[in-house]
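In: Any chance you can model this:
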Amino acid sequence: MAMDNNPWWGILGVAVLFLSGWTYFLPIKFSMDSEEIRKKSLFGTERKKWSQVKSIVPDKYGVLLSPFPQPTRLAKFRGLSVQFSGNREEVLEYIRAHTAE
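Out: Numbering: from 1, shown residues only. The predicted structure follows:
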């Protein structure tokens, strides 16, 4: 089977690129209250109670709420990533006020 001139490979490539960066293309809404933080997207809602957050790892784009007290590679998979929207200091202040850190 020849792979030349098959448009499905191009469609598959575009789909893989889109899915790998869906957070840049689709809207995500974050909401925080005294109990938890919620991340709502097209794919569902993620919730993390403040009591589950053991450490926070901020960078220039957002903050990772980790369930581990020390840095670990698993934090990206088990934690919750919150992106800033021009309100970096307000978000960090609110998160620090609600976590044990």
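
In: Show me what the strand or helix carrying residue 38 is in contact with.
Out: Using DSSP states H and E, residue 38 maps to strand 36-41. Residues outside strand 36-41 that contact it (CB atoms under 8 Å, 6 or more residues apart in numbering): 23, 26-32, 45-50, 65, 80-82, 95. C-beta coordinates here come from the backbone N, C-alpha and C atoms, glycine included.

In: mind listing what the residue most central in space within the chain touches?
Out: The chain has residue 81 as the residue nearest its centroid, 3.2 Å off, counting by CA atoms, centre = their mean. Residues in contact with residue 81, defined by CB under 8 Å, 6+ apart, are 39, 62-65.

In: What are the phi and psi values at it?
Out: phi -100, psi 130 (degrees, to the nearest 10).

In: any idea how far it is from residue 71?
Out: 15 Å (CB to CB, to the nearest Å).

In: show me where this protein has helices.
Out: Taking DSSP state H as the criterion, the chain carries its helices at 7-20, 22-25, 75-78, 88-98.

In: got the buried residues for the last one?
Out: Judged by neighbour count (16 or more other CB atoms under 10 Å), helix 88-98 contains these buried residues: 91, 95, 98.

In: who touches the least confident helix or strand in the chain by mean pLDDT?
Out: Within the chain, confidence by mean pLDDT, DSSP states H and E is lowest for helix 22-25 among all helices and strands, at a mean of 72. The contact list for helix 22-25, computed with CB under 8 Å, 6+ apart, reads 18, 41-43, 83.

In: Which of those residues sits closest to residue 55?
Out: Set against residue 55, the nearest of the contacts of helix 22-25 by CB to CB is residue 83 (18.1 Å).

In: close enough to count as contact, that closest one and residue 28?
Out: Yes. Using CB atoms under 8 Å as the test, residue 83 is close enough to residue 28 to be in contact (7.2 Å).

In: Give me the buried stretch members for stretch 68-78, please.
Out: residue 75.

In: Any idea how far apart the tips of that stretch sit?
Out: Start-to-end span of stretch 68-78 (CA to CA, to the nearest Å) is 9 Å.
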